[in-house]
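# Sharing a model prediction with you, sequence too.
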Amino acid sequence: MNKYELTIVLDGKTGAAKKKKVIETLEKILTVFKGSIKESKEWGVKDLAYKIGKSETGLYLFFELELDPATVKQLNEKLRVDSDIIRYLLIKS
């Protein structure tokens, strides 16, 4: 298991219910891939440098993960198709 850092950006107007749904979806995906969330932080709503779609602000969520390297590509694909996520960054730490 390797350690990864995942930053997710949601629309700044995202409500608590949608944020909770995104986190639960991530937890389910990691359970399937036999990974785990070691730490999570909410960085809050910040102005974006440029508009993404119709969003001018973004809600930032940060996660420290443990994940098998063979499943990173599959996790990237799952994050890419999630319509609630406007941007994400997954890096090995």
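Nice, thanks for sending it over. Just so it is clear, the structure is predicted and the values come from calculations on it, not from any experiment.
# Count the residues that sit near the nearest residue to residue 80 once chain neighbours are set aside.
Once flanking residues are discounted, residue 80 sits nearest to residue 88: 8.0 Å by C-beta to C-beta, 6 or more residues apart in numbering. Just so you know, the C-beta spots here come from the backbone N, C-alpha and C atoms, and that holds for glycine as well. Residue 88: 17 surrounding residues under other C-beta atoms under 10 Å.
# helices and strands around the longest strand along the chain, which ones?
Criterion DSSP state E: the longest strand present in the chain is strand 36-52. Judged by 3 or more C-beta pairs under 8 Å, 6 or more residues apart in numbering; DSSP states H and E, strand 36-52 is in contact with strand 2-11, helix 16-32, strand 55-67.
# and the ones you listed, which one's lowest on average pLDDT?
Lowest mean pLDDT within the helices and strands packed on strand 36-52: helix 16-32, a mean of 92.
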